[in-house]
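Chemist: No sequence on hand, only this structure:
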């Protein structure tokens, strides 16, 4: 009598206590790891493009927003090792040119906000595993309580906070299974507002510095010319 064998069928995506998993053939991979690898490859790809094409000043200005998107995306995708990112957004607000008639600080805020909002999904994905990496922290318990009561408002407010505080909120949102339709609009709107504010600060600071420096330089040249006129 022939022996019948049955194969266990896997769903393409599985949500378990340890996290969100995707089946790639016979391999079972955590989603947050795939996101991190994909974003790292994207950032490295942009960097390799600049080197391979030996881009000059004009080309760098043309690729400025693409480079900004890649850098901010990679930085915001790092949950375990957070890296400072406000500096690049501040500088871009003053250095990049307007695009399609959109003022540079507005364009920088939109591009950087979109990149950050996508990168922050790694924290949300990590939280789907229950937020074990922060479960014992008092700040995590407090933020998680806020997310459970007022998810949209808490996530929006945390995007405006300095430092890695939003990573805590993102993990808490994943742990409490906040719906994407609530999580992402709050995340995107907050990041765009914050990055646009930083970009405007960079834009006006650069103008102020240029005016101040230009005034000093003009005064210096005037003094030199006056001294030269004595000889």
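Modeler: Perfect, thanks for sending it. Because the structure is a prediction, the values reported are computed rather than measured.
Chemist: What distance do you get for the closest residue to residue 119 other than its chain neighbours to residue 195?
Modeler: Sequence neighbours aside, residue 76 is the residue nearest to residue 119 in space, at 3.1 Å (criterion: C-beta to C-beta, 6 or more residues apart in numbering). From N, CA and C alone the C-beta is placed, and that goes for glycine too. Residue 76 is 10 Å from residue 195, where distance means C-beta to C-beta, to the nearest Å.
Chemist: between the two, who's got more neighbours?
Modeler: Between residue 76 and residue 195, residue 195 has the larger neighbour count (other C-beta atoms under 10 Å), namely 30 against 26.
Chemist: tell me which helix or strand of the protein sits lowest on mean pLDDT?
Modeler: Here the helix or strand of the chain ranked lowest by mean pLDDT, DSSP states H and E is helix 57-62, holding a mean of 46.
Chemist: Beyond that helix, next helix or strand please.
Modeler: With elements assigned by DSSP states H and E, the helix or strand that comes after helix 57-62 is helix 64-76.
Chemist: what helices or strands is that following helix leaning on?
Modeler: helix 31-52, helix 86-95, helix 104-119 (3 or more C-beta pairs under 8 Å, 6 or more residues apart in numbering; DSSP states H and E).
Chemist: same thing but 6 Å
Modeler: Counting contacts by 3 or more C-beta pairs under 6 Å, 6 or more residues apart in numbering; DSSP states H and E, helix 64-76 is packed against helix 31-52, helix 104-119.
Chemist: What's the mean pLDDT across the longest one?
Modeler: Okay, so that is helix 31-52. The pLDDT scores in helix 31-52 average 57.
Chemist: And stretch 147-160, by the same measure?
Modeler: Mean predicted lDDT for stretch 147-160 stands at 87.
Chemist: which parts of that stretch are buried?
Modeler: Buried residues in stretch 147-160, counted by 16 or more other C-beta atoms under 10 Å: 147, 151, 152, 154, 155, 156, 157, 158, 159.
Chemist: ok, of those, which one's closest to residue 202?
Modeler: Nearest to residue 202 among these is residue 159, at 18.7 Å by C-beta to C-beta.
Chemist: Name all residues that make contact with the closest one.
Modeler: 166, 190, 191, 194 (C-beta atoms under 6 Å, 6 or more residues apart in numbering).
Chemist: how near is the first one to residue 118?
Modeler: If I follow you right, that is residue 166. 14 Å.
Chemist: The third one too?
Modeler: Shown here: residue 191 relative to residue 118, a distance of 10 Å by C-beta to C-beta.
Chemist: My read is that residue 68 contacts residue 93, right?
Modeler: No: Residue 68 lies out of contact with residue 93 (C-beta atoms under 6 Å); the separation is 10.1 Å.
Chemist: Okay, now the unreliable bits of this protein?
Modeler: When residues are selected by pLDDT under 70, those of the chain lie in 1-63, 77-86, 129-136, 162-164, 207-231.
Chemist: what's the neighbour count on residue 146?
Modeler: Neighbour count for residue 146, taken as other C-beta under 10 Å: 16.
Chemist: Find the nearest non-adjacent residue to it, please.
Modeler: That would be residue 154: by C-beta to C-beta, 6+ apart, it lies 4.3 Å from residue 146.
Chemist: residues making contact with stretch 183-191?
Modeler: 113, 116, 117, 152, 155, 156, 159, 160, 173.
Chemist: Residue 98 contacts residue 105, correct?
Modeler: No: if you go by C-beta under 6 Å, residue 98 and residue 105 don't touch, sitting 9.3 Å apart.
Chemist: ok, these two, which is more surrounded?
Modeler: residue 105 (24 against 11).
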